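Peer 1: prediction below, plus the sequence it came from.
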Amino acid sequence: MKRYESRILKRIMVLGAFCALIAFPACMPSWAHRTPTPTNTPSETPSEMITPTGTDTPTDSPTKTPTQTITCGWEVTWTPRTPPTIVPPTETPPNCPAFEAPHSVWTPAPGINVRFTPTGTQLATCTPTRPPIHTPTMSVIPVCSLLDLSCDDCVDYDWVVSCTESYCDKAIHRWTLVSDGMCTEPEGYPRWECSGGAFVGQMGENRNVGTSVKWKSPAEPGAYTIRLIANDVPGGMYSLVPNGVIAGRRDDPETEVDSVVLTVVSAELTSIRFTSDHQSMNDNNRDWDSSGNPYSQPEWVRETEVNNPISHTKGCSIEATVVVKVCPAGLTFHLAGVGPEWLSFSSQGNVSTGQDQPLTLTAAETLPDLVATLEQPITWTTTVSGTEIHLWDSGPHKIYVTYGTPSGSTVTERRIEKTSEWADTATGEEEVADGIHDNLGNADPPYEPSEKPSEGSGWTLLEGNAYGECDEQADLMRYAVLMQGVTPAYLRFVRASTNAGAGNCLDYETRVCSLHGQEWLLLDFGGAGYHGDMNQFEGCCETANHYYAVWPKEKSQDDYTMLQTLGSSGTTQHWCYFEPVINWFMPCNQPGATPPIL
């Protein structure tokens, strides 16, 4: 009786509500004429859906078919006297591939025009929201290097539709985005896969499972894909009214949730050839002779560990051809060599060929404008797509910075090295000549007569086995200043003279003596008229607008001032005749035989 009364009462209430809708159309629910704008992104803002609750729907229900697009991409329609139908769209929208049935109310299989009756709560499945792979902000990584990869824990989302209230015999259902919370990864997930290289642990073991892994790039350059595979365990328990406790669960299948493509780059520095140097230096740094072979080019070769010195004119820019190999081909790269500014290089906008590739470079600044011996390394890097890759540290490169281009004799490393040492920090010709003059005139070797048993000449005087006369020592200085690139340099013979003035002391003066016949005006370095002190000349090196005598060590402006300088040191002039018996000159003993140096 109580059940019968409830049914009657219910019919009366439904009839009254229906009549009210007919009599007062303004009271019609707003959903009857509303079609919400479709969206592709799940929203936490509820979307309304009205469905009938049974087969007793009035026959004079509205004839229009209300349609509402669910944000998950599924369309829910309702036609009078028929259960609502969830109709999949023509193309499955992203992030919402199918529906799952929490219990037996789903017919037939999920995803095929599934129908439901309003006797329970329906649970729809959407792909979980997962954050991307975290990598450094690079798309390029060098070969055989480690890269840290990580992924965040993810939130697992479900769509729930529930009957929340009733109105005119129709249940109002609300779609709600519900989170299971932080999803739990089952054992073996998240899993990382790669098309090359390997995932390694701290002990070198393979370790491709976990939220953080290390990937070792392969030795072969190219493009490699890293994939993140995730899975989760079923989660979420929903207790919904009015149908009592309903368990809403889902288990997302194993899914590739993200991937990243990395370009693995190999970059090598092959060789360096300096093209602005003097291009000629024998590899003899053992002694002072002209032996040895020219240093090979390129001056620096990584594979064979060649590292040859160069000589270069001061105050000029170093130019070089640098050979690099960047793989794969087609990459735009920047090459940089960092050392002191005068040994730093840069080249931008290069496109890799995958083969040895020569690049012509000029140093950022000129060499110091002074004579020096420099030795510095260069750190080479290449930058590809913002990623800097260290290539190699070349050198240290030894650079003999000379005043100019060496000349006058065979260029050997020993000769360049010592003359650069003697002229160190010199900026002008005279400073170079002064430095060399000081070192030759104040030290042994070279040796003077009687200090060694045999006579030598040129560079061999520095071996210390022979002596040199004044002209031979002056010629040695000429070789040395020419080796530093100071030109011109001449061997001059400054002679005794009664004719004052520059240029008047380079030739013999002669006279005819009534007693001895032909006589020559000679220099008397002893000043006492002894025949053994008679000299035909003082050998000098004329260079840098000056005259330099090495033994005795003197410097003057010209030949005449050199004669005066010798005179101020005690040297006199004497007329002499040649005596065949002693095969040398004898001083004249007649009046006027010793004219003064003017």
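Peer 2: Ah, there it is.
Peer 1: what residue ranges in the stretch 1-150 of the chain score low on pLDDT?
Peer 2: Within the stretch 1-150 of the chain, the stretches with pLDDT under 70 are 1-132, 135-138.
Peer 1: CA atoms only for stretch 546-562, dumped as CSV, please.
Peer 2: Taking C-alpha atoms only, stretch 546-562 is exported to CSV below (Å, rounded to 0.1, in the frame of the first residue of the first chain):
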residue,chain,number,x,y,z
HIS,A,546,125.1,53.6,-37.3
TYR,A,547,128.6,52.0,-37.3
TYR,A,548,129.2,49.2,-34.9
ALA,A,549,132.7,47.8,-34.0
VAL,A,550,132.5,44.5,-32.1
TRP,A,551,136.2,44.3,-31.2
PRO,A,552,136.9,46.7,-29.7
LYS,A,553,133.3,47.4,-28.9
GLU,A,554,132.4,50.8,-30.2
LYS,A,555,129.4,52.5,-31.7
SER,A,556,129.3,55.7,-33.8
GLN,A,557,127.2,57.7,-36.3
ASP,A,558,129.4,57.0,-39.3
ASP,A,559,132.9,56.1,-40.5
TYR,A,560,134.4,59.4,-39.6
THR,A,561,132.9,59.5,-36.1
MET,A,562,134.0,55.9,-35.7
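Peer 1: neighbouring contacts of it?
Peer 2: For stretch 546-562, the external contacting residues (C-beta atoms under 8 Å, 6 or more residues apart in numbering) are 430, 433-434, 437, 440-442, 446, 448, 468, 470, 473-474, 476-477, 492, 494, 497, 500-506, 538-542, 545, 564-566, 569. Where you see a C-beta, it was placed from the backbone N, CA and C, and this is true even at glycine.
Peer 1: pull out the buried residues from it.
Peer 2: Buried residues in stretch 546-562, counted by 16 or more other C-beta atoms under 10 Å: 546-551, 554-556, 558-562.
Peer 1: now the element after the longest strand anywhere in the chain, going C-ward?
Peer 2: In the chain, assigned by DSSP state E, the strand with the most residues is strand 255-274. Note on strand 255-274: by DSSP states H and E, the next helix or strand toward the C-terminus is strand 300-301.
Peer 1: just checking: what are the partner strands of that following strand?
Peer 2: Sheet partners assigned to strand 300-301 using DSSP bridges are listed as strand 255-274 (antiparallel), strand 306-307 (antiparallel).
Peer 1: redo these as TSV? Include distance to Ser457, mean pLDDT and mean neighbour count.
Peer 2: As requested, the strands paired with strand 300-301 are exported to TSV (distance: least, C-beta to C-beta, whole Å; pLDDT from 0 to 100; neighbours: other C-beta atoms under 10 Å):
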stretch	distance to Ser457	mean pLDDT	mean neighbour count
strand 255-274	34	91	19
strand 306-307	35	98	16
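Peer 1: out of those strands, the one nearest Ser291 is which?
Peer 2: Closest of these to Ser291 is strand 306-307, at 20.4 Å (criterion: C-beta to C-beta).
Peer 1: any of the contacts of stretch 546-562 buried? List them.
Peer 2: Buried residues within these, defined by neighbour count using 16+ other C-beta under 10 Å: 430, 433-434, 437, 440-441, 446, 448, 468, 470, 473-474, 476-477, 492, 494, 497, 504-506, 538-542, 564-566.
Peer 1: any weak-confidence spans in the chain?
Peer 2: Looking at the chain by pLDDT under 70, you get 1-132, 135-138, 153-185, 232-253.
Peer 1: so where do the helices sit in it?
Peer 2: Listed in chain order, the helices of the chain (DSSP state H) span 2-23, 413-422, 429-441, 470-483, 559-568.
Peer 1: tell me the buried residues in the second one?
Peer 2: It stands for helix 413-422. Glu413, Arg414, Arg415, Ile416, Glu417, Lys418, Thr419, Ser420, Trp422.
Peer 1: can you count the residues close to the nearest residue in space to Ser290 that is not next to it in sequence?
Peer 2: Using C-beta to C-beta, 6 or more residues apart in numbering and skipping the chain neighbours, the partner closest in space to Ser290 is Thr410 (3.8 Å). Applying other C-beta atoms under 10 Å, we find 16 residues neighbouring Thr410.
Peer 1: let me know whether Thr410 touches Asn293 as I believe.
Peer 2: No: contact criterion C-beta atoms under 8 Å: Thr410 and Asn293 do not qualify, at 11.4 Å.
Peer 1: okay, and the common contacts of the two?
Peer 2: Asn282.
Peer 1: dump the residue contacts of the residue lying closest to Ser352 once chain neighbours are set aside.
Peer 2: Of all residues not flanking Ser352 in the chain, Val326 sits nearest, at 3.8 Å (C-beta to C-beta, 6+ apart). By C-beta under 8 Å, 6+ apart, Val326 lies in contact with Val265, Ser266, Ala267, Glu268, Phe333, Asn350, Ser352, Thr353, Gly354, Gln357, Thr382, Val384.
Peer 1: so what sits opposite the last one in the bridge?
Peer 2: Beta bridges link Val384 to Phe333, Thr387 when assigned by DSSP bridges.
Peer 1: that one: what's it in contact with?
Peer 2: Contacts of Val384 (C-beta under 8 Å, 6+ apart): Val140, Thr263, Val265, Ala267, Val326, Leu331, Thr332, Phe333, His334.
Peer 1: quick one: the nearest residue to Gly503 once chain neighbours are set aside and Ala489, what's the gap?
Peer 2: The spatial neighbour of Gly503 that comes closest, neighbours along the chain excluded (C-beta to C-beta, 6+ apart), is Asp559 at 6.5 Å. In this view, Asp559 and Ala489 are 15 Å apart by C-beta to C-beta, to the nearest Å.
Peer 1: before we move on, what about Pro587?
Peer 2: Taken as C-beta to C-beta, the span from Pro587 to Ala489 is 34 Å.
Peer 1: who has more neighbours out of these two?
Peer 2: Remark: of Pro587 and Ala489, Ala489 carries more neighbours, 23 against 20, as counted by other C-beta under 10 Å.
Peer 1: who are the neighbours in contact with that one?
Peer 2: Gly408, Met477, Arg478, Val481, Leu482, Cys541, Glu542, Thr543.
Peer 1: quick check: nearest residue in space to it, chain neighbours excluded?
Peer 2: Thr543 (4.0 Å).
Peer 1: show me the contacts for that neighbour.
Peer 2: By C-beta under 8 Å, 6+ apart, the contact list for Thr543 reads Glu429, Ala433, Met477, Arg478, Val481, Val486, Thr487, Pro488, Ala489, Tyr490.
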